[in-house]
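Student: Provided below for reference: sequence and predicted model.
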Amino acid sequence: MKISKTSNSRIQTTDFTNLKFGTVFSDHMLICKYSDGKWGSSEILPYGPIPVNPGMQVLHYGQAIFEGMKAFKNEDDKVLLFRKEENFKRFNKSSIRLSIPEIPEDIFMNGLDNLISLDSDWCKNKEGYSLYIRPFVFASGECIKASSSEEFTFIIITSPTTTYYAGEVNVVIEEEYTRSTLGGVGFAKAAGNYAASFYPTKQANLKGFTQLIWTDAKEHKYIEESGTMNIWFRIGDKLITPSLSDSILGGITRDSIVSLAESNGIEVQQRRILITEIVEAYNKGTLKEAFGTGTAVTVNPIKSITFRENKMELENQEDSFALKLKTELQGIQKGSIVDTYNWTSIVS
Ligand code: COI
């Protein structure tokens, strides 16, 4: 792999005490291109602008997918990557649905290892810090016929980060707009899924909500996700989360929380969840917690859920499941709790 190091690192001038999610990028990026039916060799070069031409297919038809993953620095200053095999699998699952050629495992894995070890100083061994990693691929062929591109560009960039949401998360149940539908691309990390969510989210933001709770496309009766997070409810002492379908993203954090909860003896139910069930539980006093999970947020408590005119405020729980599971997950990610699941791998 060709590696061209920057002669002008930005690390000394970066304010690590004030990282706004997704706005600061490490010194290098990895690029690999696909043409003539095959992936070429990867290259690491200084983070910076890439050539774009106006006829590039992604600009017209949105043929693009991405992943979100995280690395953490442990007490010995080693960088730990969390569940990279799962991100790799999901990357290609998304690619297949978007008619993008799958990326070979060695390009993805060696690319991550080389890039992250080169920029490992951007990953801080400090409480709450991680390196958010964004592998993505897009149609880079120059052709405006509405058809799958014959050229693609795979890139990995990384971004030092702390928290995603700065304050409380207050959500509203959406009954008009839809994030995804059966047979659609909701299970994939398709760029367009996020683009389509921005307008409804903005309407909710204008009304003072942090995010939406997406409901099923057919009847708007069942709960699917919240913003870019999988959603969880604690009713009594059970945790429930919507079962996966092709309209719900199979979160790697979601999967990790299922395992951690179950090994803590917490019953987890993965099934369809009616909005009315949540309202009834709240009215009966059995809805104790709600939270979202995702790579970017890890585990984020939800402070209130608004359904039509009713705002359901959730009190802080002394024995909060969200907090317990978050602490355990973060401990494994940072290497301070023994990883009996084999989820972490050291970047060489
Ligand atoms: C993630 O949690 O990695 C996501 O995909 C959220 C992202 C859109 C910021």
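Tutor: Arrived safely. Note that the structure is a prediction, hence the values are computed from the model and not measured.

Student: Next one, pLDDT for G167 please.
Tutor: Here, the pLDDT recorded for G167 equals 83.

Student: Next up, the contacts around it.
Tutor: Contact analysis of G167 by Cβ atoms under 8 Å, 6 or more residues apart in numbering lists T210. The C-beta positions use only the backbone N, C-alpha and C, and glycine is treated the same way.

Student: separation between it and T327?
Tutor: For G167, the distance to T327 (Cβ to Cβ, to the nearest Å) stands at 20 Å.

Student: What residues does the chain have near the ligand?
Tutor: Contact residues, the chain versus the ligand (Cβ under 6 Å from any ligand atom): G68, Y194, T228, G294, T295, A296.

Student: Whatever residue of the stretch 51-200 of the chain ends up closest to the ligand - nearest residue in space that isn't next to it in sequence?
Tutor: Per Cβ to the nearest ligand atom, G68 is where the stretch 51-200 of the chain lies closest to the ligand, at 2.2 Å. Leaving aside its chain neighbours, G68 sits nearest to T295 (4.2 Å; criterion: Cβ to Cβ, 6 or more residues apart in numbering).

Student: I'd say the one you found and D255 touch.
Tutor: No. If you go by Cβ atoms under 8 Å, T295 and D255 don't touch, sitting 11.4 Å apart.

Student: From the neighbour counts alone, determine which of those two ranks first.
Tutor: Shown here are T295 and D255; by other Cβ atoms under 10 Å, T295 has more neighbours (22 against 16).

Student: now do the same end-to-end measure for stretch 138-156.
Tutor: Start and end residues of stretch 138-156 are separated by 12 Å (Cα to Cα, to the nearest Å).

Student: Can you list the buried residues in that stretch?
Tutor: 138-141, 143, 148-156 (16 or more other Cβ atoms under 10 Å).

Student: Identify the residues contacting G22.
Tutor: Per Cβ under 8 Å, 6+ apart, neighbours of G22: Y132, S159, T161.

Student: I'd like the residues you listed as CSV, with distance to Q317 appended.
Tutor: Shown next, in CSV, are the contacts of G22 (distance: Cβ to Cβ, whole Å):
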residue, distance to Q317
Y132, 28
S159, 32
T161, 27
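
Student: And the pLDDT at the residue nearest to G68?
Tutor: On the pLDDT scale, T295 gets 94.

Student: just to revisit the earlier point, now, the most widely separated pair of the buried residues of stretch 138-156?
Tutor: Maximum pairwise distance among these (Cβ to Cβ): 25.3 Å, between C143 and I156.

Student: from what I can see N53 touches C143, true?
Tutor: No. Using Cβ under 8 Å, N53 makes no contact with C143, being 10.5 Å away.

Student: How about I337, nearest residue that isn't a chain neighbour?
Tutor: Closest residue to I337 apart from its sequence neighbours, by Cβ to Cβ, 6+ apart: G331 at 3.2 Å.

Student: same thing with Y222?
Tutor: Using Cβ to Cβ, 6+ apart and skipping the chain neighbours, the partner closest in space to Y222 is D216 (4.3 Å).
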